[in-house]
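Q: got a predicted structure here, sequence first:
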Amino acid sequence: MEARSVDEIPRGREWQYEPKWDGFRCLLSRERGSVDLRSKSGEDLARYFPEIVAAALKLRADRFTLDGEIVVPQGKGFSFDALLQRIHPAASRVTKLSQATPALYLVFDLLATANKKALADAPLSERRPALEAFAKANMKGTFRLSPATTSYATAKKWLAQSGGGSDGVIAKRIDLPYQAGNRDGMQKIKKFRSADCVIGGFRYATNKIAGRKVVGSLLLGLYDDGGLLHHVGFTSAIKADEKPALTDRLEALIGEPGFTGNAPGGPSRWSTERSAKWCPLKPKLVIEICYDHFSGERFRHGTSILRWRPDKAPRQCSFEQLKQKVADPMKLLK
């Protein structure tokens, strides 16, 4: 069951709302002594989360299929960075992390039980009560029931306080069966935020325009309390017809120090040596960007440019602006 991205929370009696958790979507099935964990792409996740497998085998029910999200608690929220560390080839490392940072499985749908094999064919208005009954009889500890509401006001509150473990709201049609493989019955709404960032460097694009190199992406920076400029992300949302003039502007500012704190890394499994090269800039330019999620002192995804900020002093662009009041996700779970 996939979600279609929309800008506004839908209203109507046909909708149920849930927090959109910031984790790994996972189908969990138990058939007596066997437990299977599957990602949205069909990958086997069981070896990376042995504590969830063990917890599933301890549940009273021994035949069921659940839809949910794997998260790793950290402080008063969930850490996606800690979650990513679990995808490791060494079994010894996975075992150590499963003990040091145990994961939770947040359940939001029940697709099959020993008595109701075709529950996925029932509308959500029947599946949710069945899930709540299942949770009451079976779930505890590692397994948590994800909250749901039909209140539009509550959904708006969840969206306003998203962060720290949730990154928006999910709206589901209560009159439809489980929509496997399509986006017809579920919508996702994310809260997008803005931040003023210093351009601490840039990378050239792979392809040239009219025979000359042009900018491909801008590297974004924020200052910490000690005055160090840290690399926190990038934006490549630059119009093609604006790239030559912007490249001239950037090349005139090439020079040290660039980033004085955390700097862009080198080649990785996702980048080549060429794509990892970057040019440092004097901290003169400020832009306001739009982002959806910030964790581990960086923007999780690429950002988009809202506007240039010539009125903003670079040193005003600090991590302080990203602090916000967010809901404690653990208080939402039962």
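A: Arrived safely.
Q: and the end-to-end length of stretch 225-234?
A: For stretch 225-234, the separation between the terminal residues is 21 Å (Cα to Cα, to the nearest Å).
Q: just how off-centre is that stretch within its chain?
A: Relative to its parent chain, stretch 225-234 has a centroid offset of 21 Å by Cα atoms, centre = their mean, to the nearest Å.
Q: in that stretch, what counts as buried?
A: By 16 or more other Cβ atoms under 10 Å, the buried positions in stretch 225-234 come out as 229-234. C-beta: built from backbone N, CA, C; applies to glycine.
Q: ok, now stretch 180-187?
A: Within stretch 180-187, the residues scored as buried using 16+ other Cβ under 10 Å are 185-187.
Q: can I get it in CSV? Just the C-alpha atoms.
A: Provided in CSV are the C-alpha atoms of stretch 180-187 (Å, rounded to 0.1, in the frame of the first residue of the first chain):
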residue,chain,number,x,y,z
ALA,A,180,-1.4,-3.4,-2.5
GLY,A,181,0.7,-2.0,-5.4
ASN,A,182,-1.2,1.3,-5.9
ARG,A,183,-1.7,4.7,-4.4
ASP,A,184,-5.5,5.0,-4.6
GLY,A,185,-6.3,4.6,-0.9
MET,A,186,-3.6,6.5,0.9
GLN,A,187,-2.2,10.1,0.8
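Q: which residues does that stretch contact?
A: Contacting residues not belonging to stretch 180-187 are listed as 1-6, 10, 120, 124, 170-173, 176, 178-179 [Cβ atoms under 8 Å, 6 or more residues apart in numbering].
Q: could I get the pLDDT score of Ser318?
A: Reading off the per-residue confidence, Ser318 sits at a pLDDT of 93.
Q: list the contacts for it?
A: 222-225.
Q: could you redo the last one with a cut-off of 6 Å?
A: 222-223 (Cβ atoms under 6 Å, 6 or more residues apart in numbering).
Q: who does it bridge with?
A: Beta-bridge pairing for Ser318 (DSSP bridges): Tyr223.
Q: for Ser5, same thing?
A: In this structure, Ser5 has the following beta-bridge partners (DSSP bridges): Lys188.
Q: what's the burial count for it?
A: A total of 10 residues lie near Ser5 under the criterion other Cβ atoms under 10 Å.
Q: now the chain, which segments are flagged as low pLDDT?
A: In the predicted model, the chain carries pLDDT under 70 at residues 1, 266-276, 324-327, 334.
Q: who touches the longest strand that the chain contains?
A: Across the chain, the longest stretch assigned as strand under DSSP state E is strand 193-204. Among residues not part of strand 193-204, those counted as contacts by Cβ under 6 Å, 6+ apart are 213, 215-221, 229, 250, 258-259, 278-281, 283, 285-286, 288-291, 306, 309, 312, 314, 317, 321.
Q: take those and keep only those in helices.
A: With helices taken from DSSP state H, the overlap with these comprises Leu250.
Q: show me what contacts Gly255?
A: Lys282.
Q: please repeat the previous calculation with a cut-off of 8 Å.
A: If a contact means Cβ under 8 Å, 6+ apart, then Gly255 has 280-282 as its contacts.
Q: which among the buried residues of stretch 225-234 gets closest to Ala148?
A: Using Cβ to Cβ, Gly233 is the member of the buried residues of stretch 225-234 that lies nearest Ala148, at 32.7 Å.
Q: so how far is the longest helix along the chain from its chain's centroid?
A: Longest helix in the chain, counting residues (DSSP H): helix 124-138. When distances are taken as Cα atoms, centre = their mean, helix 124-138 is centred 27 Å away from the chain's centroid.
Q: which neighbouring elements make contact with it?
A: Using 3 or more Cβ pairs under 8 Å, 6 or more residues apart in numbering; DSSP states H and E as the contact definition, the elements that helix 124-138 packs against are strand 104-113, strand 143-145.
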